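In: No sequence on hand, only this structure:
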């Protein structure tokens, strides 16, 4: 597997190439600490996640992602860069224009805002222990003052507003997670069986799952044990392949 680093809007990005391309691509939208810098990336340095990338490329997928300004919390700036990254890779690589998305944690917030801009260009999506609601995450973080202050500071930076205005702004978006109930693409939600940073999101995830099933929208919910996380790459690749019949 060959991989290379490049920059878009001064943010580092990484792309992994398969030895035998299948013509399809996967964009990863990582969590708040999933960095990409001039030397490497979190996904390369993290043993389990690098294995997922290896399994995806072994199946022929081009895999790519960006630093997206770090802890962006679904900001417009990050969404615009994700859209530009999609366009850059589509223009420079030989791939099918309809991509798969793999979003982890905070990455779900980027996907929520990216989908309207790429509605006809996303084939399917996998959400790993997702944060689907910034409002509910803030409410959870209030239990731990240090983490709450940290998130508010990050939001202030990304939203370009005063810290004291951030909470009120996020409160206006308390129902935004319901967008996932109607996104028509196939959705595979993978939830960790251990407590994770976004543990309070699961009630919303169940609502999304139930509503999508009632509407007949392709949806799967999978619970993974810590010792089984290493095998997720194969499961994700298999899921993606199910949704490639229509080019």
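Out: Ah, there it is. Computed from a predicted structure; not experimentally measured.

In: Could you pull up the contacting residues of the most centrally placed residue in the chain?
Out: By Cα atoms, centre = their mean, the mean C-alpha position of the chain lies nearest to residue 103, the distance being 1.8 Å. Contacts for residue 103 (Cβ atoms under 8 Å, 6 or more residues apart in numbering) come out as 28-29, 110-111, 125-128, 130. Where C-beta positions appear, they are placed from N, C-alpha and C, glycine not excepted.

In: After the helix or strand encompassing it, which helix or strand is next?
Out: Assessed by DSSP states H and E, residue 103 sits inside strand 99-104. Note on strand 99-104: by DSSP H and E, the next helix or strand toward the C-terminus is helix 107-114.

In: Residues contacting that following helix, please?
Out: 28-31, 34, 68, 72-74, 76, 78-79, 82-83, 101, 103, 125, 127, 130-132, 134, 176-177, 179-180.

In: Does the top helix by length along the chain pack against any helices or strands, and if so which?
Out: For the chain, the helix with the greatest residue count under DSSP state H is helix 76-92. With contacts defined as 3 or more Cβ pairs under 8 Å, 6 or more residues apart in numbering; DSSP states H and E, helix 76-92 has these neighbours: strand 2-8, strand 11-17, strand 25-29, strand 62-66, helix 107-114.

In: Can I get the ones you listed in JSON lines including mean neighbour count?
Out: What follows is those, written out as JSON lines (neighbours: other Cβ atoms under 10 Å):
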{"stretch": "strand 2-8", "mean neighbour count": "13"}
{"stretch": "strand 11-17", "mean neighbour count": "20"}
{"stretch": "strand 25-29", "mean neighbour count": "26"}
{"stretch": "strand 62-66", "mean neighbour count": "24"}
{"stretch": "helix 107-114", "mean neighbour count": "25"}
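
In: So which of those is nearest residue 197?
Out: Residue 197 lies closest, by Cβ to Cβ, to one member of the helices and strands packed on helix 76-92: helix 107-114, at 12.4 Å.

In: chain center to the helix or strand following that closest one: distance?
Out: Going down the chain from helix 107-114, the next helix or strand is strand 122-128, by DSSP H and E. Averaged C-alpha coordinates place strand 122-128 at 8 Å from its chain's average position (Cα atoms, centre = their mean, to the nearest Å).

In: what comes into contact with the following helix or strand past strand 122-128?
Out: Once the chain leaves strand 122-128, the next helix or strand it forms, by DSSP H and E, is helix 134-141. Applying Cβ under 8 Å, 6+ apart, the contact partners of helix 134-141 are 73-74, 109, 131, 147-148, 151-152, 155, 167, 170-171, 173-174, 176-177, 198-201, 204.

In: which residue of this structure sits farthest from its center?
Out: Distance from the C-alpha centroid of the chain peaks at residue 164, with 27.8 Å (Cα atoms, centre = their mean).

In: measure it to residue 144 for me?
Out: Here the criterion is Cβ to Cβ, to the nearest Å. By it, residue 164 lies 19 Å from residue 144.

In: Please give me every residue in contact with residue 79.
Out: 110, 113-114, 117.

In: Excluding chain neighbours, give the residue nearest to it in space.
Out: Using Cβ to Cβ, 6 or more residues apart in numbering and skipping residues adjacent in sequence, the residue nearest residue 79 is residue 113, 4.5 Å away.

In: pLDDT wise, what is the one you found at?
Out: With respect to pLDDT, residue 113 scores 96.

In: quick one: it from residue 106, how far?
Out: 12 Å.

In: Need the overlap of contacts for the two.
Out: When contacts are counted by Cβ under 8 Å, 6+ apart, the set common to residue 113 and residue 106 consists of residue 74.

In: so where's the chain shaky on pLDDT?
Out: Under the criterion pLDDT under 70, the flagged ranges of the chain are 195.
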